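Engineer: sequence-free structure coming up:
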């Protein structure tokens with residue numbers, strides 16, 4: 001049996017391919033930059049379909065964030081091999097997952113807007129050019145973490161509407177000290193910041209929220225799409241929960257830069273299943 005996994009920083013979507021049957025399950029995100037091996041192992045074992053033995057898995061295709069060096073790929077592979085002892089494991093980046101899901105074996109500029117963000121030029125087989133993803137502190141423009149960071153900064157500096165600030169306080173019950181502790185001392189601060197994205201989306205009619213989203217998406221386009229300007233004839237598509245939920249505002253930002261995203265999908269996993277059997 002083959003196991004395909006597509007991970008973001010927040011969650012991982014899995015599909016077991018058993019002849020003509022596909023079985024899905026989800027776990028927490030797996031990122032070698034923040035990897036707790038035992039937590040990952042325990043989570044997979046808890047969610048893995050009970051009707052299937054670990055030893056039945058003979059091949060794993062794993063796509064995830066942070067899997068851009070041999071050392072990080074080895075860390076993920078070693079973790080998975082402690083469960084699936086009979087499996088040959090192939091580790092690739094989440095950007096390649098997005099590219100394969102969005103374009104199949106055709107070329108294009110593939111983007112990710114989820115908890116984090118990324119982009120790359122895809123030739124139909126591999127990513128041939130990439131502006132590095134530098135994480136939620138140095139980058140991740142357009143991502144859930146970046147939207148959350150911009151919103152929290154505006155809230156703390158009283159740059160949002162009073163009514164919106166009240167709604168936020170009622171919804172989250174967070175003190176300033178709680179926010180600072182979670183951002184600077186807590187585990188997975190990028191997930192914490194991205195956790196505000198649903199609230200931001202629900203309140204996008206507020207001018208301050210609209211401005212935050214437009215600025216974040218515009219910076220993503222300026223810094224992570226337009227530099228591929230010599231490939232302007234390529235289609236540009238994007239995968240990820242933020243892209244899907246904020247599609248209208250994202251397309252507006254793209255139109256202001258002179259293009260449209262050809263395709264926007266929330267989750268690459270099912271398209272990756274289709275790709276794997278091509």
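Structural biologist: Right, received. Where do you want to start? Note that the structure is a prediction, hence the values are computed from the model and not measured.

Engineer: which positions within stretch 147-161 qualify as buried?
Structural biologist: Within stretch 147-161, the residues that count as buried by 16 or more other C-beta atoms under 10 Å are 147, 148, 149, 150, 151, 152, 154, 155, 160. Where you see a C-beta, it was placed from the backbone N, CA and C, and this is true even at glycine.

Engineer: and the one helix or strand the fifth one maps to, what does it pack against?
Structural biologist: Counting by DSSP states H and E, the element that carries residue 151 is helix 144-156. Secondary-structure packing of helix 144-156 (3 or more C-beta pairs under 8 Å, 6 or more residues apart in numbering; DSSP states H and E): helix 135-138, helix 176-184, helix 189-194, helix 197-202, helix 207-224, helix 241-245.

Engineer: list the contacts of the last one.
Structural biologist: Put plainly, it is helix 241-245. 8, 111-115, 117, 142-144, 147, 197-198, 201, 250, 261, 264-267 (C-beta atoms under 8 Å, 6 or more residues apart in numbering).

Engineer: check contacts around the closest residue to residue 260 other than its chain neighbours.
Structural biologist: Once flanking residues are discounted, residue 260 sits nearest to residue 254: 5.5 Å by C-beta to C-beta, 6 or more residues apart in numbering. Counting by C-beta under 8 Å, 6+ apart, residue 254 touches 217, 221, 236, 260, 261.

Engineer: what's the nearest residue to residue 7 once chain neighbours are set aside sitting at in phi/psi?
Structural biologist: Excluding its sequence neighbours, the residue lying closest to residue 7 (C-beta to C-beta, 6+ apart) is residue 64, at 3.8 Å. Per-residue torsions, residue 64: phi -160, psi 160 (degrees, to the nearest 10).

Engineer: against residue 29, how distant is residue 64?
Structural biologist: Per C-beta to C-beta, to the nearest Å, residue 64 is found 8 Å from residue 29.

Engineer: only the buried residues of stretch 246-256, if you could.
Structural biologist: 246, 249, 250, 251, 252, 253, 254.

Engineer: just these now: which is nearest residue 176?
Structural biologist: residue 246 (26.8 Å; C-beta to C-beta).

Engineer: doesn't residue 22 make contact with residue 273?
Structural biologist: Yes - the pair residue 273 and residue 22 qualifies as a contact (C-beta atoms under 8 Å) at a distance of 6.2 Å.

Engineer: need the overlap of contacts for these two.
Structural biologist: Common neighbours of residue 273 and residue 22 (C-beta under 8 Å, 6+ apart) are residue 15.
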